[in-house]
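# take a look and give me a structure for this.
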Amino acid sequence: MFTSSIFSATGRLCIATALLAAAAVRANEPRDYKAESQQVYRLCRNLSAPVRLELASLHFLLTPDEFNDLLLLRNERSCERWIEEYWRIHDPIFTTPENEARAEHERRVEFATAWFGRAEWPGWDQRGEVCVRYGLPAGRDSESPDVVPPGTYVRAIEYWFYPALGMTVQFEDAMGNGNYTYFLEHVALPSWERPENDRRTLASKYLPDLDMESMTLDAPIGGGILNPSWEFSHENYQQSLWRFYEVLETNPVVYPFNFEGARVPFVFDVAYFRGGESVDRVDVNAEFVVAPAIGGATEYHTTVAVFDMERGEVARLSHTTHAVAPSSKDELVRTMVLQLPFTLEPSRYDLAITVEEVGAGRFSSYLRTITPDNFEERLAVSTVCFSSGIAPVTRESAFNRGALEVIPKPSARYPIATSVPVYFEIYNLTGDNEGLHRYTVSYRVIPQTPAPRGLWKKITGGSDDGAALASSFQSAANGPHDVVYVFLKTDELWPGEYEFDVSIVDEVSRSQTRRTGRFHLVE
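Residues are numbered from 1 along each chain as shown. This next block holds a predicted model:
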């Protein structure tokens with residue numbers, strides 16, 4: 001399927017090529033995908049057909065850094081590992097066994113090969129490349145080749161319409177051999193500067209060179225249905241042609257789930273607590289804003305899955321949140337908070353979380369590596385948890401921790417001049433002769449955002465440690481473990497990011513430990 005080529009590559013040449021490509025990107029020059037394609041072709045000369053096909057279809061989807069990494073590969077095994085890692089990173093829904101992006105990509109490659117295949121590298125013409133990048137068009141039209149006076153051959157042309165991306169891709173069969181390429185030359189010329197025998201000016205010198213009303217805008221290759229409300233004037237058409245090249249540079253590949261309207265924005269955090277002998281309680285807290293449907297409810301399904309480093313599934317939990325309709329016209333959105341707790345042994349894991357709006361097809365998914373602490377046999381402090389509220393338990397709640405209800409706030413964002421509740425736990429305190437476990441808590445709030453001019457000295461009084469707030473107190477517990485919570489007063493602080501730094505000193509053993517966490521104050 002691929003033509004042969006003689007190419008002698010050394011490691012130095014590959015590295016030099018990668019550095020040159022990176023330098024071009026740094027200079028903000030448009031990427032030369034044809035040149036990149038030839039570089040990948042040379043890389044693939046001794047690889048098996050399946051791996052060649054994988055790289056042929058992947059290379060123009062890559063970021064410059066990913067492309068440079070690809071050029072440094074040396075053999076088929078390293079290419080296979082690189083491909084698997086690429087798809088692992090680009091999995092849109094980390095909590096499902098299927099990689100939806102890879103499945104969609106392979107479907108597009110199969111279609112490009114079947115409909116637009118060529119017996120030469122990369123295996124299809126540029127219609128196939130666009131099909132792999134952006135899927136099938138919502139509308140497709142074509143003009144057959146023709147001969148017009150005085151005996152001039154007019155090339156075959158195709159138009160692919162992508163309303164969701166606001167772009168049109170125009171192809172031409174320049175050589176009459178079925179190899180369609182991007183068509184740009186005539187677009188750059190106004191109709192009055194084109195040759196007199198150009199068919200688009202022969203139709204009428206007084207009409208736009210393409211009468212969009214005469215186009216069928218059909219989708220003969222199964223590309224979908226156009227939005228009837230999509231106004232498509234001649235001006236829109238020309239703008240959409242240039243839009244294609246903008247999209248090509250900024251979004252080399254687009255899948256249905258890449259659109260902003262298909263996302264469910266949310267934030268999450270992971271907190272570690274001692275869960276018993278040699279295990280941790282790992283709390284996954286998620287926070288997202290919803291706009292409940294008027295007169296009904298909207299369901300959000302959250303799934304958290306934990307994998308070991310060999311990608312074996314260790315644990316999985318799901319929760320469905322019902323966002324009820326607003327109680328008043330003024331309440332347009334609500335903030336939803338949920339907590340999914342796991343019990344894990346101290347180790348290294350990949351944690352995946354997905355939030356999906358049920359029935360709407362909207363979702364977001366993230367993957368994070370976590371390392372639960374070993375809280376045994378030494379003085380230790382849990383994760384510092386920023387909360388939206390800490391109060392004695394008065395009812396059953398998913399956020400109850402012993403005698404306290406601690407409602408998490410994963411965003412750790414608070415209005416200026418309000419109190420910031422902070423919760424943490426202390427483990428493995430040493431008892432004295434009377435059975436008490438005495439300790440000292442010292443904390444500082446250190447600004448990460450510069451203070452407004454003239455305010456810093458007034459607040460800190462020229463403090464050397466850079467803390468805007470600082471406090472210390474002593475306490476005692478009847479057992480080796482205890483809970484601590486404080487409310488940070490922020491009346492004299494300013495909008496920005498802050499670090500909360502807490503130190504614990506065991507007054508009996510004189511051992512010490514510390515933790516940090518960050519929160520934000522907003523207008």
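# what stretches of the protein score poorly on pLDDT?
Residues of the chain that meet the criterion pLDDT under 70 lie in 1-30, 147-153, 184-234, 260-261, 291-296, 325-333, 453-465.
# ok, 80 please
1-31, 146-154, 183-238, 258-262, 290-297, 323-334, 453-466 (pLDDT under 80).
# could you break it into its assigned domains?
1-89, 134-258, 261-376, 377-523 (automatic domain parsing).
# now the ones you listed as TSV including distance to Gly123?
C-beta here means a position set from N, CA and C on the backbone, and glycine is covered the same way. Listed next are those as TSV, based on distance: least, Cβ to Cβ, whole Å:
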stretch	distance to Gly123
domain 1-89	6
domain 134-258	12
domain 261-376	30
domain 377-523	46
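# which parts of stretch 51-67 are buried?
Arg52, Leu53, Glu54, Leu55, Ala56, Ser57, Leu58, His59, Phe60, Leu61, Leu62, Phe67 (16 or more other Cβ atoms under 10 Å).
# rewinding a little: to Glu106, which of the domains of the chain lies closest?
domain 1-89 (8.4 Å; Cβ to Cβ).
# which ones among the buried residues of stretch 51-67 are found in helices?
Arg52, Leu53, Glu54, Leu55, Ala56, Ser57, Leu58, Phe67 (DSSP state H).
# ok, so what distance separates Pro97 from Ala305?
With distances taken as Cβ to Cβ, to the nearest Å, Pro97 is found 10 Å from Ala305.
# more neighbours: the two, which one.
Ala305 (21 against 7; other Cβ atoms under 10 Å).
# report the beta-bridge partners for that one.
Arg316, Ala352 (DSSP bridges).
# quick one: secondary structure of Val502?
Following DSSP: H, G, I helix; E, B strand; the rest coil, we place Val502 in the strand state.
# any idea how far it is from Leu43?
Taking Cβ to Cβ, one finds Val502 at 52 Å from Leu43.
# next one: Arg74
9 Å.
# what strand or helix carries the spatially most central residue of the chain?
In the chain, the residue lying closest to the centroid (Cα atoms, centre = their mean) is Tyr366, at 7.2 Å. Element membership for Tyr366, per DSSP states H and E: strand 362-370.
# quick one: strands adjacent to that strand?
For strand 362-370, pairing defined by DSSP bridges yields strand 349-357 (antiparallel).
# name the residues that touch the strand it pairs with?
For strand 349-357, the external contacting residues (Cβ atoms under 8 Å, 6 or more residues apart in numbering) are 93-96, 264, 266, 268, 270, 284, 286, 288, 298-309, 311, 314, 362-372.
# show the buried residues in those residues.
Applying 16+ other Cβ under 10 Å to those flags 93-95, 264, 266, 268, 270, 284, 286, 288, 298, 300, 302-307, 362-365, 367, 370, 372 as buried.
# next one: phi and psi at the residue nearest to Thr168 when sequence neighbours are not counted?
In space, and not counting its chain neighbours, Thr168 is closest to Ser240: 4.0 Å by Cβ to Cβ, 6 or more residues apart in numbering. Ser240 adopts backbone torsions of phi -70, psi -30, taken as degrees, to the nearest 10.
# could you do the one 10 residues further on as well?
Torsion angles at Thr250 (phi, psi; degrees, to the nearest 10) stand at phi -90, psi -30.
# separation between it and Asp65?
From Thr250 over to Asp65 (counting by Cβ to Cβ), the distance is 16 Å.
# check Ser387 too.
For Ser387, the distance to Asp65 - Cβ to Cβ - is 39 Å.
# kindly report the same for Arg395.
Distance from Arg395 to Asp65, by Cβ to Cβ: 51 Å.
# still on that earlier bit, pretty sure the residue nearest to the centre of the chain contacts Asp269?
No - applying Cβ atoms under 8 Å as the test, Tyr366 and Asp269 come out as separate, 11.4 Å apart.
# number of nearby residues for Tyr498?
Tyr498: 26 neighbours (other Cβ under 10 Å).
# that one: what's it in contact with?
Tyr498 neighbours (Cβ under 8 Å, 6+ apart): Val445, Ile446, Pro447, Gln448, Thr449, Ala468, Arg518, Phe519, His520, Leu521.
# dig out what it forms beta bridges with.
Going by DSSP bridges, Tyr498 forms beta bridges with Pro447, Phe519.
# for the ones in helices among the buried residues of stretch 51-67, which one is nearest Gly135?
For those, the nearest to Gly135 is Ser57 (13.3 Å; Cβ to Cβ).
# all helices for the stretch 1-150 of the chain, in order.
11-26, 33-43, 49-58, 64-71, 76-89, 100-116, 126-134 (DSSP state H, counting those that start in this stretch).
# ditto for the stretch 351-500 of the chain
455-460.
# what are the boundaries of the strands in it?
362-370, 380-381, 385-392, 400-401, 404-408, 413-415, 420-427, 437-447, 469-477, 482-488, 496-506 (DSSP state E, counting those that start in this stretch).
# any idea which of these is most buried?
Highest mean neighbour count of the strands of the stretch 351-500 of the chain: strand 420-427, a mean of 22 (counted as mean count of other Cβ atoms under 10 Å).
# next one: it to chain centre, how far?
Per Cα atoms, centre = their mean, to the nearest Å, the displacement of strand 420-427 from the mean C-alpha position of its chain is 31 Å.
# output that strand as PDB, nothing but the C-alphas.
In PDB, the C-alpha atoms belonging to strand 420-427 read as follows (Å, rounded to 0.1, in the frame of the first residue of the first chain):
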ATOM      1  CA  VAL A 420     -12.600  30.100  56.000                       C
ATOM      2  CA  PRO A 421     -13.300  26.800  57.800                       C
ATOM      3  CA  VAL A 422     -10.400  24.500  57.900                       C
ATOM      4  CA  TYR A 423     -10.500  20.900  59.200                       C
ATOM      5  CA  PHE A 424      -7.700  18.300  59.700                       C
ATOM      6  CA  GLU A 425      -6.900  15.300  61.900                       C
ATOM      7  CA  ILE A 426      -3.800  14.500  64.000                       C
ATOM      8  CA  TYR A 427      -2.600  10.900  64.500                       C
END
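# now the angle from it to strand 496-506?
Following axes from the mean of the first three to the mean of the last three Cα atoms, to 10 degrees, one obtains 30 degrees for the angle between strand 420-427 and strand 496-506.
# for strand 420-427, give me every contacting residue.
273-274, 375, 379-390, 401, 404, 406, 414, 439, 477, 480-488, 490, 500, 502, 504, 515, 517, 519.
# re the thing from before, mind putting the strands of the stretch 351-500 of the chain in CSV, distance to Phe161 included?
Output for the strands of the stretch 351-500 of the chain, formatted as CSV (distance: least, Cβ to Cβ, whole Å):
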stretch, distance to Phe161
strand 362-370, 25
strand 380-381, 59
strand 385-392, 47
strand 400-401, 56
strand 404-408, 47
strand 413-415, 42
strand 420-427, 52
strand 437-447, 52
strand 469-477, 58
strand 482-488, 55
strand 496-506, 45
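# quick one: closest of these to Pro137.
Closest among these, using Cβ to Cβ: strand 362-370, at 23.5 Å.
# pull that closest one out as CSV, backbone CA atoms only.
Taking Å, rounded to 0.1, in the frame of the first residue of the first chain, the C-alpha atoms of strand 362-370 are listed here in CSV:
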residue,chain,number,x,y,z
ARG,A,362,-22.7,16.3,28.5
PHE,A,363,-19.7,15.1,30.7
SER,A,364,-16.3,15.9,31.9
SER,A,365,-13.6,13.4,33.0
TYR,A,366,-10.2,13.7,34.7
LEU,A,367,-7.4,11.4,35.7
ARG,A,368,-5.0,12.1,38.6
THR,A,369,-2.2,10.1,40.2
ILE,A,370,-2.7,9.8,44.0
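# now do that strand: distance to the chain's middle.
8 Å.
# check stretch 76-86 too.
For stretch 76-86, the distance to the chain centre is 22 Å (Cα atoms, centre = their mean).
# buried residues, that stretch. List them.
Cys79, Glu80, Trp82, Ile83, Tyr86.
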